[in-house]
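Asks: Sequence first, then the predicted structure, then my questions.
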Amino acid sequence: MASSLPQYYSILNVSPKATADEIRQAYKRESLKTHPDRLPRNATPQERRRATERFQIVSDAYYVLSDPSRRAEYDALFNSRPSSAFTDDTSSEFEQEQASGNFFENFAQFFQNATGTGTGTGAPNAGPSEKASASSSAGAGGRTRPDAHGVFGDVFEEMLAPEVAHVRPWWSWVGGASGAAIGYIVANVPGAVAGGFAGNRLGAIRDAKGRAVGEVFRELGAGQKAEILKALAFKVLGSMS
């Protein structure tokens, strides 16, 4: 399995013919399912390690498939190898993480050919978080692997956009009231509690004007992060689990 290549389409649960929007939507779903900050406080170190590995793999897949040039180079490799050369659904998180890490170490020149800039700077039209993630973790020979939290940043902000669209110093209170009302409608009292808390925290993030939502989110406490991610999971996945 050490010599396997990552099957990024399978990791995101999309078809090799998936559109860019389908890939982005798939990443939203999978990143919320696997984000380590959703784990309960009593999660074991082994559970946290597995979640972190899975979150990194999902981020790797999105980093490659979300950029047309990187995706074209990956597809060239994908179509030139037999299916047995890639990981499959029976592979463990550790095996998939190893395959993805080896991929970035051994095939990063694909991205250099595709972008003309190398993986250290990312594609010419890459967003700020993508450039930051591409340059944050150096691999062998100066090649890089994306930072999972950096990749998550701009997509996370997009998912929060409806909740943080207005800049008002009192938005945290409005967010709390709105979240509680919506939560009560959806899930009665438990929903009101979760929705109210999450709405308040989302509003508080927006009150921190001039800073990226993802940046503020990473400074919140573990419990606050978990509630926001659960609220987003309910919105995107239709589940609070």
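Replies: That came through, no problem.

Asks: quick check: domain ranges of this protein?
Replies: Listed domain ranges for the chain are 8-146, 171-237 (source: automatic domain parsing).

Asks: least reliable of those domains going by mean pLDDT?
Replies: Note on those: domain 171-237 shows the lowest mean pLDDT, a mean of 61.

Asks: ok, which stretches of this structure are strands?
Replies: Assigned strands in the chain: none (criterion: DSSP state E).

Asks: from memory residue 104 sits against residue 145, does it?
Replies: Yes. Between residue 104 and residue 145 a contact is recorded at 4.2 Å, counting by CB atoms under 8 Å. Heads up, the C-betas are built off the backbone N, CA and C, glycines and all.

Asks: Buried residues, stretch 11-21. List them.
Replies: The neighbour-count check on stretch 11-21 (16 or more other CB atoms under 10 Å) flags 11, 12, 14, 18 as buried.

Asks: ok, and what's touching it?
Replies: With CB atoms under 8 Å, 6 or more residues apart in numbering as the test, stretch 11-21 has contacts from 9, 22-23, 26-27, 29-30, 57-58, 61-62, 65-66, 68, 75, 78, 96.

Asks: ends of that stretch, how far apart?
Replies: 16 Å (CA to CA, to the nearest Å).

Asks: So for the nearest residue to residue 103 once chain neighbours are set aside, what's the pLDDT?
Replies: Spatial nearest neighbour of residue 103, excluding adjacent residues (CB to CB, 6 or more residues apart in numbering): residue 6 at 5.2 Å. Residue 6 carries a pLDDT value of 93.

Asks: is it true that residue 6 touches residue 86?
Replies: Yes. In terms of CB under 8 Å, residue 6 counts as a neighbour of residue 86; the distance is 6.9 Å.

Asks: Now the common contact residues for these two.
Replies: Contact criterion CB under 8 Å, 6+ apart; residues shared by residue 6 and residue 86: residue 99.

Asks: Of the two, which one has the most company?
Replies: Just comparing residue 6 and residue 86: by other CB atoms under 10 Å the higher neighbour count belongs to residue 6, 27 against 19.

Asks: how close does that one get to residue 217?
Replies: Distance of residue 6 to residue 217, computed by CB to CB, to the nearest Å: 27 Å.

Asks: Likewise for residue 34?
Replies: Distance, residue 34 to residue 217, using CB to CB: 16 Å.

Asks: And these two? Which one has more around it.
Replies: Between residue 34 and residue 217, counted using other CB under 10 Å, residue 217 has the larger neighbour count: 23 against 20.

Asks: Provide a list of residues in contact with residue 53.
Replies: Residues in contact with residue 53, defined by CB under 8 Å, 6+ apart, are 93, 94, 96, 97.

Asks: go with 6 Å
Replies: Residue 53 makes contact with 93, 97, according to CB atoms under 6 Å, 6 or more residues apart in numbering.

Asks: What segments of the protein are helices?
Replies: Ranges of helices within the chain are 8-11, 20-34, 45-65, 68-80, 93-107, 109-115, 128-136, 148-160, 171-207, 213-219, 222-237, based on DSSP state H.
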